[in-house]
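>>> Take a look and give me a structure for this.
(one chain, ligands or ions: 2)
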Amino acid sequence: MALLEVENIRKSFGKTRVLTDISFNLEKGRTLSIIGSSGSGKTTLLRCLNFLETPDHGIIRVGGETVFNAETWNNMSEKEIRRRRLHFGLVFQSFNLFPQYTALENVCLAPELLLNEEAGQGRPKKELLEEIRSRGAALLTDMGLSDRMGSYPHQLSGGQCQRVAIARALALRPDILCFDEPTSALDPELTGEVLRVIRELAEKNTTMVIVTHEMAFARDVCHHVIFMDDGRICEQGPPEEVFNNPQQDRTKQFLARYREG
Ligand SMILES: Nc1ncnc2c1ncn2[C@@H]1O[C@H](COP(=O)(O)OP(=O)(O)O)[C@@H](O)[C@H]1O
Ligand SMILES: [Mg+2]
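Numbering: from 1, shown residues only. Ligands and ions are numbered 1, 2, ... in the order given. This is a model prediction of the structure:
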């Protein structure tokens, strides 16, 4: 059974259909990249997976559990939506760090809020808070930021900010980590350091969905590629097939633009 199963997701904004019948599966420990022109619906799809948008139609399952069903979603409480959202982590294009908090505070904030919401699991709160802090520090160390824990976002480069954002997303132990063009706000020399940590996560079998324009990265690191066009999946498959032997004319045109550039 696939870890993530997406079935027939549809989404319109007013009269504009943005996603049409999006269906795909992702196995645990695998990395999926989503490529496609600007406006093809990639961000909206990631936002649907994280319940930041509500699909009009379709089903999302994680580990066999239905976490979204358009038919029954209106009855869902905010608390239950927040619980289900924990299956997914999202790293945004523009980092979205809290400017008033240090790197470590940014990473620990959500787990601390969650701790306040849940009733301590019988262990002293102080001990649980210390655990959150030491895990946050370990995640920042994994991201190569052990000397930056106390820095504020304005004291960090874009690449460092994005690595803090990745640590923050991991802090809640999501089943599936999603990235929306994680390097497109970065200078080329900072892109490499972010792609490197994502590559390391892939090597540790983190299940990931990555919207990206980095075609070489998608080809080398990802196990599966989806090419989106006008709100639909135009073509999907293993990277060696989609990149080396695309079947659809739209895919060929899209990839040709990257080869020329
Ligand atoms: N909140 C919204 N309201 C209306 N239209 C939207 C909204 N969000 C996205 N869209 C439209 O949906 C389409 C897909 O956008 P998006 O998912 O951002 O594409 P991509 O990430 O592939 O560039 C675009 O035409 C965009 O203008
Ligand atoms: Mg986008």
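>>> what's around the nearest residue to residue 223 once chain neighbours are set aside, how many residues?
The shortest distance from residue 223 to any non-neighbouring residue, by CB to CB, 6 or more residues apart in numbering, is to residue 30 (4.4 Å). Backbone N, C-alpha and C define where each C-beta goes, glycine included. When neighbours are defined as other CB atoms under 10 Å, residue 30 has 19 of them.
>>> Tell me both backbone torsions, phi and psi, for residue 30.
Main-chain torsions, residue 30, degrees, to the nearest 10: phi -100, psi 160.
>>> Residue 51 too?
Residue torsions, per degrees, to the nearest 10, at residue 51 are phi 60, psi 30.
>>> And the closest residue to it other than its chain neighbours, how close does it get to residue 221?
Once flanking residues are discounted, residue 51 sits nearest to residue 85: 5.2 Å by CB to CB, 6+ apart. As for residue 85, its distance to residue 221 is 26 Å (criterion: CB to CB, to the nearest Å).
>>> More neighbours: the two, which one.
residue 221 (20 against 17).
>>> residue contacts, that one?
By CB atoms under 8 Å, 6 or more residues apart in numbering, the contact set of residue 221 is 31, 33, 195, 198, 199, 202.
>>> Could you tell me which of those are located in strands?
The strands, defined by DSSP state E, take in 31, 33 from the contacts of residue 221.
>>> need the strands for this structure, in chain order.
Under DSSP E, the chain gives strands at 4-13, 16-26, 31-36, 57-62, 65-69, 88-91, 176-180, 208-211, 224-229, 232-237.
>>> Looking at those, which is nearest to residue 169?
Closest approach to residue 169 among these (CB to CB): strand 88-91, 3.5 Å.
>>> ok, now how distant is residue 47 from residue 20?
Distance from residue 47 to residue 20, by CB to CB: 16 Å.
>>> How about residue 90?
22 Å.
>>> hang on, the earlier thing: would you write a PyMOL line that selects the buried entries of the contacts of residue 221?
Per 16 or more other CB atoms under 10 Å, the buried members of the contacts of residue 221 correspond to this PyMOL selection:
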select buried, resi 31+33+195+198+202
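>>> That'll do, ta.
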